[in-house]
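Novice: quick check, what structure comes out for this input:
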Amino acid sequence: MPTPPADEPAGPGTGHHGEELRATNLRTVVAITVLAAVVLWWVFLRDLGEDPAPSGAGARAGERTPGAGDGRGGRAGSLTPSDVEGARVPPDLAAEFDALLARRSAAVLDGDRDAFLADIDPSSTSLRVTQGGYFDNLRQLPLDAFTYTLDRGSLVRADRGGYWVVVRLAQRLTGFDAVPAESVDRFRFVERGAQNEVVLASVTDPAWESAHSVISQPWEERPIHVESTGSALVVTDDATVRHAGRLAREVGLAAPDDGARTPYGWDRRVVVFALSDVAFLEQLPGLPGGDPDRLDAVAFTVPGTDGTLAATRVMIHPRVLAERAPARERLLRHELTHVAVGERDDRAPSWLAEGIAEWVSVQPLPSFARPVSEPALSAARRGVSGMPTAFHGGAEEVNYAIAWWAVEYIVRLLGDGAPWSLLDLLARSDGEDADQVVERTIGLSADQLARRGARLLVETYDVTTPDVAVSPPVGG
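Specialist: Below you'll find the model as predicted:
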């Protein structure tokens, strides 16, 4: 393929496992001064179990800035729960709460269903049923850590009796999580019986969860099915379980291939969620594009208990399960590239992160079987004004193709290792403008790379262009 000519003027240019809380009817508080009103309001809410939201409640503390997403895929941010508020848990109550939580933790790891349910409030049949289902789900997971920890500064009196307390859960999926993943929720403890034994009356507080951006895992919300291979742990539900074996095999083929093409020593193991709705996707902070139905898949990070990354998982949209295998396999290779790269592209521009993932996704395919959509080819024929910065909002096909072919141009100019070297330089850039790093390293600006990549795309795919050595069929 001849080297593209120098740049020309640019042409014209995407049920948790608990129960609902009753709404609390608040009396009107009459105050003499504004300060007194604020204090009384706080105390009143606290005593009813509706603890006032902390400053910045709902903010996603520790959330990563995600790479922009699109109709093919993307990366959502991770979540570290916000700080919580409440009174100190008295030592005697703390001892009882800790003992109960320790029994539940041990019961999960020991596989003792009766022990897990023994500390449920006897008057709450529904909680016992949902917690039984939760236990059954947990037993399908390869857990080697499952530990509850009481937040001793989070005690709030519940309006229905007992106390709300924040509980943190550390759980690790053997072989898939580098460190235990941390999640958080609010439990309600009550005293029952002649001996005033402490039992659990609730393990969820929807209003509090919403205020603190808590993410519920699929195994907390519905019956799940787990299919595990050497490389993949695929989580499905009753409606998608029929796809589990096939999807696990496809991930098992894609993971080693991606692992061999990325230079970061990825262990080639990943957890994939393939559920029948997008409820889990809707919870993710920083969801690319903000609309789960515009995504085919997303890679998302899972925070660990020590502040590091526990894992990067993948969720695929239900419609992808019905697609032809080649399209789904390419999508999986794209998302697994994000998993393999992890947080190394946090400082990279979106076009490079997504372009690399697209470039890797087509490498196992022969050159004549690497489809580019007609809208992308048409846009490249017209000429592009610069590098796309958004990968959602209606121009997904075009922007992904331009990013991919910008990376392809870098590879043909400097070799297969060049995109990874550029990614590593950006990871070490320490605040330097990404565009300046790109131009200094490649010798071309991002916009120049977009224009040259677009021309290379046209030369490769357009049968009307002279000197075309290979002309793949144009498709979606």
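Novice: what about the strands in the stretch 201-350 of the chain?
Specialist: Using DSSP state E, counting those that start in this stretch, the strands of the stretch 201-350 of the chain run over residues 224-228, 232-237, 270-274, 297-303, 309-316.
Novice: got the domain boundaries for this structure?
Specialist: Domains of the chain are assigned by automatic domain parsing as 81-214, 224-461.
Novice: what residues of stretch 340-357 count as buried?
Specialist: 340-342, 344-357 (16 or more other C-beta atoms under 10 Å). From N, CA and C alone the C-beta is placed, and that goes for glycine too.
Novice: please apply the same query to stretch 141-155.
Specialist: By neighbour count on 16+ other C-beta under 10 Å, the buried set for stretch 141-155 is 141, 143, 145-152, 154-155.
Novice: please apply the same query to stretch 397-416.
Specialist: By neighbour count on 16+ other C-beta under 10 Å, the buried set for stretch 397-416 is 397-410, 412-413.
Novice: pull the residues that contact it.
Specialist: Contacts to stretch 397-416, defined as C-beta atoms under 8 Å, 6 or more residues apart in numbering, come from residues 1, 4, 14, 70-72, 350-352, 354-356, 358-359, 362, 372-373, 375-377, 379-380, 384, 387-388, 390-391, 418-419, 422, 442, 446, 449-450, 452-454, 456-457, 476.
Novice: roughly how far is it from the heart of the chain?
Specialist: 26 Å (C-alpha atoms, centre = their mean, to the nearest Å).
Novice: alpha carbons of it, as PDB, please.
Specialist: The C-alpha trace of stretch 397-416 is given here as PDB (Å, rounded to 0.1, in the frame of the first residue of the first chain):
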ATOM      1  CA  GLU A 397     -20.200   3.600  13.300                       C
ATOM      2  CA  VAL A 398     -18.200   6.400  11.800                       C
ATOM      3  CA  ASN A 399     -16.300   7.400  14.900                       C
ATOM      4  CA  TYR A 400     -15.200   3.900  15.800                       C
ATOM      5  CA  ALA A 401     -14.000   3.300  12.200                       C
ATOM      6  CA  ILE A 402     -12.000   6.500  12.100                       C
ATOM      7  CA  ALA A 403     -10.400   5.700  15.500                       C
ATOM      8  CA  TRP A 404      -9.600   2.100  14.400                       C
ATOM      9  CA  TRP A 405      -8.000   3.300  11.100                       C
ATOM     10  CA  ALA A 406      -6.000   6.000  12.900                       C
ATOM     11  CA  VAL A 407      -4.500   3.200  15.000                       C
ATOM     12  CA  GLU A 408      -4.100   1.100  11.800                       C
ATOM     13  CA  TYR A 409      -2.200   4.000  10.200                       C
ATOM     14  CA  ILE A 410       0.100   4.200  13.300                       C
ATOM     15  CA  VAL A 411       0.800   0.500  13.100                       C
ATOM     16  CA  ARG A 412       1.700   0.700   9.400                       C
ATOM     17  CA  LEU A 413       3.900   3.700  10.000                       C
ATOM     18  CA  LEU A 414       5.700   2.600  13.100                       C
ATOM     19  CA  GLY A 415       4.900  -1.100  13.700                       C
ATOM     20  CA  ASP A 416       2.600  -3.200  15.900                       C
END
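Novice: quick one: average pLDDT of that stretch?
Specialist: The average pLDDT within stretch 397-416 is 96.
Novice: count of neighbours near Ala95?
Specialist: 13 (other C-beta atoms under 10 Å).
Novice: that one belongs to a helix?
Specialist: Yes - the assignment for Ala95 by DSSP: H, G, I helix; E, B strand; the rest coil puts it in a helix.
Novice: that one and Pro256, how far apart?
Specialist: According to C-beta to C-beta, to the nearest Å, Ala95 and Pro256 sit 50 Å apart.
Novice: for Ala357, same thing?
Specialist: 17 Å.
Novice: is it possible to export the strands of the stretch 201-350 of the chain to TSV including mean neighbour count and mean pLDDT?
Specialist: Shown next, in TSV, are the strands of the stretch 201-350 of the chain (neighbours: other C-beta atoms under 10 Å; pLDDT from 0 to 100):
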stretch	mean neighbour count	mean pLDDT
strand 224-228	19	97
strand 232-237	25	97
strand 270-274	25	98
strand 297-303	25	93
strand 309-316	23	95
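Novice: where are the low-confidence patches of the stretch 51-200 of the chain?
Specialist: Residue ranges of the stretch 51-200 of the chain with pLDDT under 70: 51-84.
Novice: neighbours of Ser123, just the number please.
Specialist: 11.
Novice: what about it, which SS state?
Specialist: Per three-state DSSP, the secondary structure class of Ser123 is coil.
Novice: not counting sequence-adjacent ones, nearest residue to it?
Specialist: Distances taken as C-beta to C-beta, 6 or more residues apart in numbering put Arg192 closest to Ser123, at 7.3 Å, once the chain neighbours are dropped.
Novice: which strand residues bridge the nearest residue to Leu93 once chain neighbours are set aside?
Specialist: Once flanking residues are discounted, Leu93 sits nearest to Tyr163: 7.2 Å by C-beta to C-beta, 6+ apart. In this entry, Tyr163 is beta-bridged to Arg157, Phe189, by DSSP bridges.
Novice: good, we can wrap up now.
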